[in-house]
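Colleague: quick one: sequence plus predicted model below, questions after.
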Amino acid sequence: MSLEKEIEKRRTFAIISHPDAGKTTLTEKFLLFGGAIQTAGAVKSNKIKKTATSDFMEIEKQRGISVATSVMGFEYSGKQINILDTPGHKDFAEDTYRTLTAVDSVILVVDCQKGVEAQTERLMEVCRMRNTPVIIFINKLDREGKDPFDLLDELEEKLSIHVRPLSWPIGMGDRFKGVFKLYDNTLNLFSANKTEIAEDEIKFASVEDPRLEELLGEEAQKLVDNVELIEGVYEPFKKKDYLDGLLAPVFFGSAINNFGVKELLDTFIEISPIPQARETASRIVEPSEKAFSGFVFKIHANLDPNHRDRIAFLRICSGTFERNKFYRHVRNKKNIRFNNPVSFMAQEKNIIDVAYPGDVVGLYDSGNFKIGDTLTEKEDLMYKGVPSFSPEIFKELVNTDPMKSKQLEKGIHQLTDEGVAQLFTKSIGNQKIIGTVGELQFDVIQYRLEHEYGAKCRFQPVNYHKAFWLTTTNKSKLNEFIRIKQNNIVYDKDDNPVFLAQSAWIVNLERSDNPEITFHENSEFKTAV
Ligand code: G4P
């Protein structure tokens with residue numbers, strides 16, 4: 001098959017949601033439709049149910065599960081579908097943001113009872129940063145929830161995106177009768193606990209068809225009124241607006257009952273983007289370019305501490321990736337080859353010989369890779385957009401076993417290369433500050449430093465609120481600022497100066513006092529030049 005055909009065939013996306021909205025359940029139903037798994041319950045949720053500190057079993061379980069479910073590939077309707085899993089737990093949000101850089105679109109799951117939740121908003125912010133196309137699935141219609149019109153308003157308001165319902169629920173909770181597909185006037189009658197794959201559908205000439213009343217009783221008139229209202233309020237669905245990330249089509253259903261899932265999947269196949277061109281620091285790379293290129297968006301440590309190797313997840317952006325061929329590691333300026341790259345089909349890992357744009361391959365790595373690294377055939381490209389976001393919790397790393405300083409140094413560098421947390425260093429005294437988005441990471445780091453590197457440490461709280469990467473048009477002003485504020489200045493792993501602010505108020509003050517300096521809330525600026 002030609003490279004173009006391989007690209008045409010692929011759909012690489014992530015399912016995202018606030019924990020408990022139904023992401024795992026929906027993923028599992030997709031895999032069932034694709035025949036990739038045979039039984040329900042085969043996909044394990046990778047959320048950590050307990051957040052109690054020192055619950056290391058949970059941490060280990062999380063790490064194990066997230067390797068197994070990091071990428072789930074399957075074929076459906078002649079397409080190769082790659083679902084990239086994202087951790088549900090908010091302490092692992094960074095991991096999710098990075099995974100979103102490796103997809104071409106997302107499906108956002110919203111619980112009809114809860115509506116838009118905190119995590120949903122943050123995830124959508126990341127999608128909007130890159131205009132990622134989004135389809136919204138409103139889940140759990142078998143339960144009483146918010147009014148569908150109110151839900152749509154809430155989505156538009158809180159997620160700053162236009163929405164367009166493509167299906168409409170008839171009743172909810174105990175009164176839930178089914179879903180009406182607005183684009184082809186098809187009624188899908190609800191029956192709980194469907195196990196079969198096909199969903200029964202009845203096609204109508206229009207919503208006015210008298211047979212609807214026979215089937216739905218008084219709900220039929222309500223449906224007519226609602227459809228009229230929808231057509232009056234919402235613009236017709238435009239695929240281009242969806243592909244530009246401006247408009248999100250909305251579906252309603254119940255993942256656990258396998259209801260509304262097939263139409264979601266079928267529409268997804270029809271409208272979702274094929275692997276897209278991607279920006280590098282120097283130029284835009286088209287997937288159809290002959291020369292291979294790709295970037296690492298996730299690194300996973302081996303669970304077996306005796307084998308220090310890791311798996312780097314590489315998103316292929318252009319050309320054909322081949323096993324045993326030498327590729328250029330752009331940052332290291334080294335040529336490396338991979339004799340056992342793996343692909344992920346549902347829950348199996350298989351060694352592959354070739355892979356195409358949109359695919360994700362797992363590369364065994366002994367410490368060569370950092371998140372964001374680019375591999376190419378020979379050109380010095382650097383893919384943009386695997387940013388570091390400002391951490392929310394900062395602690396100082398204190399070495400408690402001076403005999404193991406080297407191990408600690410190596411361990412903390414490798415763990416932060418994996419993206420577990422961010423490492424900042426003060427120029428005075430070489431003090432190390434670790435920044436994370438959740439408390440859980442500190443337990444993970446302490447545990448892994450001890451078990452994988454034999455190093456001991458503790459974390460001392462420091463009073464910082466947020467990190468701001470600094471750039472300027474006036475070098476001497478920046479140097480002066482760094483000198484005066486040396487207590488708040490640290491350097492990230494690429495030696496960029498970062499200002500750690502004690503409060504939002506302070507940073508606002510510094511911003512107005514120093515108009516020549518830009519305070520960036522994420523490290524995206526690094527490649528934005
Ligand atoms: P997540 O990955 O987004 O965190 O959510 P997950 O799929 O694990 O679903 C969270 C809970 O919601 C699960 O129940 C799941 O069974 C339930 N759920 C998912 N879809 C629906 C739906 O359409 N209707 C209803 N009523 N419930 C749904 P749980 O009790 O937390 O877990 P479990 O014991 O069922 O696994």
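Modeller: Good, I have the coordinates.

Colleague: quick check: residues of the stretch 251-400 of the chain near the ligand?
Modeller: 254-257 (CB under 6 Å from any ligand atom). Using the backbone N, CA and C atoms, a C-beta is placed for each residue, glycine as well.

Colleague: from the residues you listed, pick the one nearest Val437.
Modeller: Nearest to Val437 among those is Ala255, at 27.0 Å by CB to CB.

Colleague: surely that closest one touches Ala21?
Modeller: No: counting by CB atoms under 8 Å, Ala255 stays clear of Ala21, with 9.1 Å between them.

Colleague: overlap in contacts, those two.
Modeller: Listed as contacting both Ala255 and Ala21 by CB atoms under 8 Å, 6 or more residues apart in numbering are 109, 139-140.

Colleague: quick one: which of those is nearest Glu516?
Modeller: Among these, Val109 lies closest to Glu516 (CB to CB), at 44.3 Å.

Colleague: the shared contacts of Ala255 and Ala21 in strands, which ones?
Modeller: Among these, the residues falling in strands (DSSP state E) are 109, 139.

Colleague: most widely separated two among the residues of the stretch 251-400 of the chain next to the ligand?
Modeller: Ala255 and Asn257 (7.4 Å).

Colleague: so the two - more neighbours on which side?
Modeller: Taking other CB atoms under 10 Å, Ala255 and Asn257 do not tie; Ala255 has more neighbours (26 against 20).

Colleague: hmm, who's touching stretch 508-524?
Modeller: With CB under 8 Å, 6+ apart as the criterion, stretch 508-524 contacts 129, 384-385, 387-390, 466, 468-474, 477-478, 481, 485, 492, 496, 499, 501, 507, 525.

Colleague: how does it look with 7 Å?
Modeller: For stretch 508-524, contacts defined as CB atoms under 7 Å, 6 or more residues apart in numbering pick out 385, 387-390, 468-474, 477-478, 481, 499, 507.

Colleague: alpha carbons of stretch 155-165, as CSV, please.
Modeller: Once non-C-alpha atoms are left out, stretch 155-165 reads as follows in CSV (Å, rounded to 0.1, in the frame of the first residue of the first chain):
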residue,chain,number,x,y,z
LEU,A,155,-20.3,23.5,27.2
GLU,A,156,-20.2,26.7,25.0
GLU,A,157,-19.7,29.0,27.9
LYS,A,158,-17.1,27.0,30.0
LEU,A,159,-15.2,25.5,27.1
SER,A,160,-15.2,28.5,24.8
ILE,A,161,-16.2,26.5,21.8
HIS,A,162,-19.2,26.4,19.6
VAL,A,163,-21.2,23.2,19.8
ARG,A,164,-23.7,21.5,17.4
PRO,A,165,-25.8,18.6,18.6
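
Colleague: list the contacts of Ile135.
Modeller: Neighbour list for Ile135: 107, 248-249, 268 [criterion: CB under 7 Å, 6+ apart].

Colleague: what do you get if the cut-off is 8 Å, keeping everything else the same?
Modeller: By CB under 8 Å, 6+ apart, the contact set of Ile135 is 105-108, 242, 248-251, 264, 267-268, 271-272.

Colleague: narrow these to those in strands?
Modeller: Going by DSSP E, the strands hold 105-108, 248-251 from the contacts of Ile135.

Colleague: now tabulate those residues in TSV and tack on pLDDT.
Modeller: Below are these laid out as TSV (pLDDT from 0 to 100):
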residue	pLDDT
Ser105	98
Val106	97
Ile107	97
Leu108	96
Ala248	96
Pro249	97
Val250	97
Phe251	96
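
Colleague: which of those residues lies closest to the ligand?
Modeller: Relative to the ligand, the closest of the ones in strands among the contacts of Ile135 is Leu108; by CB to the nearest ligand atom it sits at 10.8 Å.

Colleague: find the nearest non-adjacent residue to that closest one, please.
Modeller: Computed as CB to CB, 6 or more residues apart in numbering, the closest residue to Leu108 that is not its neighbour in sequence is Ile136, at 5.0 Å.
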